[in-house]
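Student: Structure for the following, please:
(one chain, ligands or ions: 3)
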Amino acid sequence: MNTLLEIKDLNVSFQGNENENKTGNKNETVAAVSCLSLSIREKETVALVGETGCGKSVVAHAIMRLLPPESRVKGRIEFGGKNLLELSEKEMAKLRGKEISIIFQNPSLALNPVYSIGHQLAEPLRIHGQEKEEVKGKKKTKALSKVVEALKRVGFSNPQEYMGYYPSWCSGGMNQRFLIAASTMLDPVLLIADEPSKGLDRSRVAELENELKGLKEKSETSLLLISHDLGFVRQIADRVAVMYAGEIVEIATPSTLFESPLHPYTQGLLNSLPENGFVPIPGSSPPLSSPPAGCRFHPRCPSKEKRCTQEHPELKEGNGRAVRCFLCP
Ligand SMILES: Nc1ncnc2c1ncn2[C@@H]1O[C@H](COP(=O)(O)OP(=O)(O)O)[C@@H](O)[C@H]1O
Ligand code: SF4
Ligand SMILES: [Mg+2]
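Tutor: Ligands and ions are numbered 1, 2, ... in the order given. Predicted coordinates for the structure are as follows:
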């Protein structure tokens with residue numbers, strides 16, 4: 001499989017973080033993502049997991065170039081022979097939604113309440129100039145049929161009925177499916193799903209998971225899945241990258257990762273699952289404005305040695321996996 005997207009040494013920091021009101025320190029720098037390298041191959045599903053605040057959404061937004069102006073971004077994000085970080089806003093706008101698309105966390109914020117679902121689903125066609133050829137005259141039916149097709153793909157058996165609905169008429173689960181339909185309207189080669197099940201009730205989560213599975217089976221799209229749900233990650237991902245405090249600490253296939261996790265943090269994450277006895281990792285993640293010296297996980301690590309408090313371990317690759325820990329081969 002060819003590489004579709006390659007992130008090389010990505011560093012993202014924020015000057016004057018969102019806690020500045022609490023700390024009063026406007027000059028504090030938050031290093032949200034540090035030296036992160038990760039590739040996604042064609043048709044591959046890569047999952048990004050880790051505790052809240054470890055930098056997962058920042059990676060997603062860096063790929064989409066949707067980080068706020070106060071962010072400092074370094075490194076390369078190679079896609080189709082180009083570095084996305086060097087594209088002009090105009091060039092990037094051509095890719096967004098068409099080649100790389102994102103499903104955001106909160107459907108009620110991502111959908112516009114004043115437009116009908118049908119109108120919003122046709123939006124990507126309008127943005128990418130396909131409206132002119134396809135909505136005017138005879139070709140109008142083609143645009144309509146694309147919207148109908150997309151709605152069918154996410155499980156609506158009578159799509160015509162829903163085209164005139166407004167987001168407020170629909171449940172959170174339905175709106176999430178509309179968003180997936182909108183994100184996949186133009187058959188992107190890469191779809192990013194940033195905790196798409198957050199805030200949905202259990203039955204909706206199961207539905208959403210089925211949509212994503214169906215999408216993976218039916219389309220050629222690569223998927224970057226950011227999720228808390230390790231059970232789902234295990235079912236759907238081809239590779240899993242575990243993040244801790246802005247860094248990747250382990251990458252492996254789900255079977256390898258879940259059966260023989262190497263990094264003490266990954267082991268801790270798995271032990272905290274209900275089926276493994278719900279044993280929480282002691283302590284909490286460090287503030288990214290002042291991560292600990294040495295291994296960032298050392299204050300919480302049951303296996304730490306003296307050097308772990310002083311030296312920073314590199315991510316070492318071998319046998320198709322990668323791990324950042326002095327104790328691992
Ligand atoms: N716009 C911003 N300004 C300042 N800090 C930010 C901003 N966005 C994210 N951060 C910080 O970056 C870190 C990573 O955030 P995020 O990627 O959202 O974590 P998560 O893994 O939960 O998705 C957090 O410490 C967060 O507070
Ligand atoms: S490098 Fe040391 S502190 Fe870090 S995870 Fe490995 S054993 Fe624990
Ligand atoms: Mg997030």
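Student: Using just helix, strand and coil, how would you label Ile192?
Tutor: Here Ile192 is strand, with the state taken from DSSP: H, G, I helix; E, B strand; the rest coil.
Student: give me the beta-bridge partners of it?
Tutor: Counting by DSSP bridges, Ile192 forms beta bridges with Ile102, Leu224.
Student: I figured it hits Met64, correct?
Tutor: Yes. Under the criterion of CB atoms under 8 Å, Ile192 makes contact with Met64 at 6.9 Å. Backbone N, C-alpha and C define where each C-beta goes, glycine included.
Student: out of these two, which sits in the more crowded spot?
Tutor: Ile192 (26 against 21; other CB atoms under 10 Å).
Student: ok, that one - contacts?
Tutor: Counting by CB atoms under 8 Å, 6 or more residues apart in numbering, Ile192 touches 60, 63-64, 100-103, 223-224, 226.
Student: sorry, back to before: overlap of the contact sets of Ile192 and Met64?
Tutor: Contacts common to Ile192 and Met64, judged by CB under 8 Å, 6+ apart, are 100, 102.
Student: returning to that earlier point: using pLDDT, spot the least trustworthy of the contacts of Ile192.
Tutor: Lowest pLDDT within those is found at Ile103 (89).
Student: Make sure that residue is actually in contact with Leu190.
Tutor: No. Using CB under 8 Å as the test, Ile103 is too far from Leu190 to be in contact (11.8 Å).
Student: So which of the two has more stuff around it?
Tutor: Counted by other CB under 10 Å, Ile103 and Leu190 do not tie: Ile103 has more neighbours, with 25 against 22.
Student: Please enumerate the strands of the stretch 201-329 of the chain.
Tutor: Using DSSP state E, counting those that start in this stretch, the strands found in the stretch 201-329 of the chain span residues 222-226, 239-244, 247-252, 316-318, 321-323.
Student: okay if I get those strands as a markdown table plus mean neighbour count and distance to Pro292?
Tutor: A markdown table is the format used below for the strands of the stretch 201-329 of the chain (neighbours: other CB atoms under 10 Å; distance: least, CB to CB, whole Å):
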| stretch | mean neighbour count | distance to Pro292 |
| --- | --- | --- |
| strand 222-226 | 24 | 25 |
| strand 239-244 | 25 | 11 |
| strand 247-252 | 24 | 12 |
| strand 316-318 | 11 | 20 |
| strand 321-323 | 21 | 19 |
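Student: closest to Leu215 out of those strands?
Tutor: For the strands of the stretch 201-329 of the chain, proximity to Leu215 was assessed by CB to CB; strand 222-226 is nearest, at 7.5 Å.
Student: Can you spell out which helices and strands pack onto that closest one?
Tutor: strand 29-41, strand 45-49, helix 56-64, strand 190-194, helix 202-218, helix 230-236 (3 or more CB pairs under 8 Å, 6 or more residues apart in numbering; DSSP states H and E).
Student: Can you pull out the low-pLDDT segments for this structure?
Tutor: Within the chain, the segments meeting pLDDT under 70 span 17-26, 130-141, 199.
Student: Spell out which parts of it neighbour ligand 2.
Tutor: 263-264, 295, 297-298, 301, 303-305, 308, 313, 325-327 (CB under 6 Å from any ligand atom).
Student: Of those residues, which is the nearest to ligand 1?
Tutor: Distance ranking of these against ligand 1, using CB to the nearest ligand atom, places Phe297 first at 15.4 Å.
Student: What's the local residue count around that closest one?
Tutor: Phe297: 27 neighbours (other CB under 10 Å).
Student: Quick check: it touching Pro264?
Tutor: Yes. With contact defined as CB under 8 Å, Phe297 counts as touching Pro264 (6.6 Å).
Student: So which residues of the chain form helices?
Tutor: 20-23, 56-64, 89-95, 107-110, 117-121, 123-127, 130-135, 140-153, 159-163, 172-183, 202-218, 230-236, 254-259, 264-271 (DSSP state H).
Student: For ligand 1, which of the ones you listed is the nearest?
Tutor: helix 56-64 (3.3 Å).
Student: which of the residues in that closest one are buried?
Tutor: Judged by neighbour count using 16 or more other CB atoms under 10 Å, the buried positions of helix 56-64 are 56-64.
Student: do the same with stretch 74-83
Tutor: Applying 16+ other CB under 10 Å to stretch 74-83 flags 75-79 as buried.
Student: Out of these, which sit inside strands?
Tutor: Those of the buried residues of stretch 74-83 mapping onto strands are 75-79, per DSSP state E.
Student: Adding distance to Leu200, write these out as CSV.
Tutor: Listed next are these as CSV, based on distance: CB to CB, whole Å:
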residue, distance to Leu200
Gly75, 33
Arg76, 35
Ile77, 29
Glu78, 34
Phe79, 30
